[in-house]
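> starting from these lines, generate the structure:
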Amino acid sequence: MKKTTIYLIVIALVCMLSVPVFAGSAKVNIGINVLLNTEITDDILSELGAHGKVLNTIYELDALTMRIKAKELAGIQALPFVEAANQDAERKGAPIDTVAEENMANGLSTWNLDAINVTDWGFNNRMVPQDGTGVYIAVLDTGLVNIWHQYFPEERIAEEYAISFGGGGGERGTVSIQPNKWGRDTN
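Numbering: from 1, shown residues only. This next block holds a predicted model:
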C-alpha cells in the first residue's frame, strides 16, 4: 500500500511539472540555427519566413539564424531543403589545463612550418637556426577572452605591450586607451 501511494505521488508530481513546461514551451520564442542542403534562395527564405523571422543569412555556409515559436522547430526540420535545424544555445569553452611544456622547440612539426622549411615532418628536426628569440608579433584583434591563461603560457604573452582602444567610428573619433580591457574580450 505504501509503495503504491509513493508511486502515485511521484507520477502525479512528474505530470504536474511537465505539463506547464510542454504547454508553455510551444508559445515561447526561440532562436534557431538552420543548415541547408542547398544554396539559400529567395524562395527558401520566403518559405522559412512563414515559420518565423529570418535574422541572419550566411550564404557561404548555406546557413541562417531564425527567431521562431518553439512549436515550429519540427516543421522546419522536416523541410526538404533543411539539413539540420536546432535551438541556439550559449556555448562556453571550459578552461583546460595550462600548457605544462616549457620548451616547445623539439615538438612535432606542423604542416605550416614544414611548408616554409622551418622544420621537416616529424619530431626534433628543425631546419633553420633561428628560433624566434627577441621577436614580437603584434596581433590586432578585439582582445583575448578572460581565460586566455588556460590557452597560452603567460610568459609568451607580452602583457606590458597589450592595450585596448575604445571609441572612434560613430563616436566622432574620440578614442580612449583602456589598458586593462584587452584580456577581457567577449568575442
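> on the pLDDT front, check the residue most central in space within the chain for me.
By Cα atoms, centre = their mean, the chain has its centre lying nearest to R91, at 6.1 Å. R91 carries a pLDDT value of 74.
> repeat for N86
94.
> related to what we said a few turns ago, the residue nearest to the centre of the chain belongs to a helix?
No - read with DSSP: H, G, I helix; E, B strand; the rest coil, R91 is coil and lies in no helix.
> need the contact list for it.
Counting by Cβ atoms under 8 Å, 6 or more residues apart in numbering, R91 touches no other residue. For glycine as for every other residue, the C-beta is placed from the backbone atoms N, C-alpha and C.
> need the contact list for Y136.
Y136 neighbours (Cβ under 8 Å, 6+ apart): A158, Y161.
> assign it to helix, strand or coil.
coil.
> now it: how far from E154?
Applying Cβ to Cβ, to the nearest Å, the value for Y136 to E154 is 15 Å.
> before we move on, what about P129?
For P129 relative to E154 (Cβ to Cβ), the value is 27 Å.
> okay, I32: pLDDT?
pLDDT, read off for I32, is 95.
> give me the three-state assignment for N56.
strand.
> ok, now which ones touch the closest residue to it other than its chain neighbours?
With sequence-adjacent residues excluded and distances taken as Cβ to Cβ, 6 or more residues apart in numbering, N56 is closest to T65, at 4.7 Å. Residues near T65 by Cβ under 8 Å, 6+ apart: G31, I32, N33, V34, V54, L55, N56, D88.
> re earlier: P129 and E154: which is more packed in?
E154 (10 against 5; other Cβ atoms under 10 Å).
> what does the pLDDT read for the more buried one?
80.
> tell me how far it lies from V139.
Separation of E154 from V139 (Cβ to Cβ): 16 Å.
> give me the nearest residue to G31, chain neighbours excluded.
D88 (3.8 Å).
> cool, D185 as well?
G143 (3.3 Å).
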